[in-house]
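Visitor: Output the structure for:
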Amino acid sequence: MVAKKFWATAAGLAGAAVVARRARTNQPAPPPANRWLTVTVNRPPADVQADKLPSPLQEYGERIETRVGPAPGDRGTELAVRFREAPSAAAQSVPARLTGNDPRQDLRIALREAKALLEAGEVMRPDAPTTHPTPGGRLVGLLSRRASGEGVL
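Guide: Below is the predicted model of the structure:
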């Protein structure tokens, strides 16, 4: 009887340890304050040079670091940028992101525009709204503005 209780207790503790370990490892790590923002450009690495970037990124000058290298699987060039000094915690807060005051949002936009200029020679913009705004058109406009800052809808 004592042996059965021992094994039941041991099995229970082992199960609890597995559950605790899974819970601990499945939690996403908090994003680093100054992570690299990266895009893959459909151009050979020789065509993309860190010292000759398109104007949206040149405007940042010495405030950003740039990495250029071959993309995985020979799929073009990987272009990565980040601020040399991480933005303040207040600038990275959720309210700052929602109001469009996070400086990383502007850097994301500049990176995407640089990618477009390197690949197509121009930055494509959504068509102008119709003369009669509809609920669907308002929704598309809202989503387009939201996506431009974060890169996702």
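
Visitor: hey, where'd the strands end up in this protein?
Guide: Shown for the chain, the strands assigned by DSSP state E span residues 37-41, 64-70, 77-83.

Visitor: Would you indicate which residues of the shortest one are buried?
Guide: Going back to what we said before, that points to strand 37-41. Buried residues in strand 37-41, counted by 16 or more other Cβ atoms under 10 Å: 37, 39, 41. Every residue, glycine included, has its C-beta placed from N, CA and C.

Visitor: Dump that strand to CSV, restricted to CA.
Guide: C-alpha atoms of strand 37-41 as CSV (Å, rounded to 0.1, in the frame of the first residue of the first chain):
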residue,chain,number,x,y,z
LEU,A,37,13.9,45.2,-38.5
THR,A,38,14.5,43.1,-41.6
VAL,A,39,13.2,42.7,-45.1
THR,A,40,14.2,40.5,-48.0
VAL,A,41,14.9,42.4,-51.2
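
Visitor: that older thread, return the most buried member of the strands of the chain.
Guide: Of all the strands of the chain, strand 77-83 has the most neighbours on average by mean count of other Cβ atoms under 10 Å, namely a mean of 20.

Visitor: Other residues contacting it?
Guide: Contact with strand 77-83 is made by 34-41, 43-45, 47-48, 53, 57, 60, 63-72, 103-104, 107, 110-111, 114-115, 118, as judged by Cβ atoms under 8 Å, 6 or more residues apart in numbering.

Visitor: now the angle between strand 37-41 and that strand, please.
Guide: Relative orientation of strand 77-83 and strand 37-41, computed by axes from the mean of the first three to the mean of the last three Cα atoms, to 10 degrees: 160 degrees.

Visitor: Paired strands for strand 77-83, with orientation please.
Guide: With DSSP bridges as the test, strand 77-83 is paired with strand 37-41 (antiparallel), strand 64-70 (antiparallel).

Visitor: Let me have those in a markdown table, extended by mean pLDDT and distance to residue 80.
Guide: Below are the strands paired with strand 77-83 laid out as a markdown table (pLDDT from 0 to 100; distance: least, Cβ to Cβ, whole Å):
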| stretch | mean pLDDT | distance to residue 80 |
| --- | --- | --- |
| strand 37-41 | 93 | 4 |
| strand 64-70 | 92 | 4 |
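
Visitor: Looking at these, spot the one closest to residue 138.
Guide: strand 37-41 (29.2 Å; Cβ to Cβ).

Visitor: quick one: contacts of the closest one?
Guide: Strand 37-41 is touched from outside by 48, 71, 75-82, 104, 107-108, 111-112, 114-115, 118-119, with contacts defined as Cβ under 8 Å, 6+ apart.
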